[in-house]
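Student: Requesting a structural model of the entry that follows:
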Amino acid sequence: MFLVAVFFTVTPITLAISLFSLFSFKGSAIAKSSVVQKNLAVSQYSGVQVYASLPPQLPSVSDQIGVMDARPEIIKQYLKYYDSPLTPYSDFIVQTADKYKLDYRLIPAIAQQESNLCKVIPPDSYNCWGWGINSQSNLGFDSFQDGIETVSKGLRTEYLDKGYGSIEEIMSKYNPISPGGAWARGVSEFMDQME
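Tutor: This next block holds a predicted model:
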């Protein structure tokens with residue numbers, strides 16, 4: 001009974017306040033619009049009309065999926081994380097790996113194992129891979145690109161084409177004095193980090 005009494009008391013009051021608000025806001029909106037019209041009539045730009053144009057092509061949703069190669073970005077982010085001077089060559093590393101049919105991660109992984117990604121190399125040698133460096137001589141390259149190209153080609157022709165198919169087999173020729181296979185474990189671990 002109490003709820004019914006409250007309902008019939010509160011409902012008419014709420015309706016009355018709503019109607020009063022509606023008419024009072026409507027009246028003030030009319031007053032404001034007449035003020036705006038008066039200001040426009042006095043304005044120096046009174047004859048100007050502004051139009052918004054639609055874009056030449058409306059946006060749409062397509063069912064086509066674009067495909068991009070993520071490998072250069074994976075290499076770039078890996079090299080960037082370790083602050084390597086090879087970072088600008090990430091695209092070139094992937095292109096060269098494709099050219100010689102190598103795993104795209106192999107060149108950066110060997111560079112990580114041999115020189116901490118080119119941070120510890122003979123001066124002006126651009127040799128991040130320990131390629132041709134032994135107790136008798138140090139092989140240098142003209143640029144990082146030259147090094148990437150030469151090492152990639154050498155891995156293809158002197159290792160993979162001659163049957164050295166795994167990291168451990170490559171190590172047996174590349175770095176045979178590695179204690180307990182540490183070189184192969186390091187290269188494999190660095191390659192795994194780039195997956």
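Student: contacts, neighbours, all on C-alpha from now
Tutor: OK.
Student: Per-residue pLDDT of residue 97, please?
Tutor: On pLDDT, residue 97 comes in at 93.
Student: Could you check stretch 102-121 and say which residues are buried?
Tutor: Across stretch 102-121, burial judged by 16 or more other CA atoms under 10 Å covers 102, 104-119, 121.
Student: hmm, I was thinking of stretch 84-92
Tutor: 84, 86-87, 89-90.
Student: would you turn the residues you listed into CSV with secondary structure and distance to residue 178?
Tutor: Formatted as CSV, the buried residues of stretch 84-92 follow (DSSP: H, G, I helix; E, B strand; the rest coil; distance: CA to CA, whole Å):
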residue, secondary structure, distance to residue 178
84, coil, 24
86, coil, 25
87, helix, 27
89, helix, 28
90, helix, 28
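Student: rewinding a little: which ones among the buried residues of stretch 102-121 lie within strands?
Tutor: Among the buried residues of stretch 102-121, the subset assigned to strands under DSSP state E is empty.
Student: Which of these fall in helices?
Tutor: Among the buried residues of stretch 102-121, the members falling in helices (DSSP state H) are 106-115.
Student: The closest residue in space to residue 91 that isn't next to it in sequence in helix, strand or coil?
Tutor: Nearest non-adjacent residue to residue 91, counting by CA to CA, 6 or more residues apart in numbering: residue 72, 5.0 Å away. At residue 72, secondary structure determined by DSSP: H, G, I helix; E, B strand; the rest coil is helix.
Student: go on, residue 152?
Tutor: Of the three states, residue 152 takes helix according to three-state DSSP.
Student: Tell me the buried residues in stretch 71-82?
Tutor: Under 16+ other CA under 10 Å, the buried positions of stretch 71-82 are 71-72, 74-76, 78-79.
Student: Dihedrals phi and psi, residue 82?
Tutor: Main-chain dihedrals, residue 82, degrees, to the nearest 10: phi -90, psi 10.
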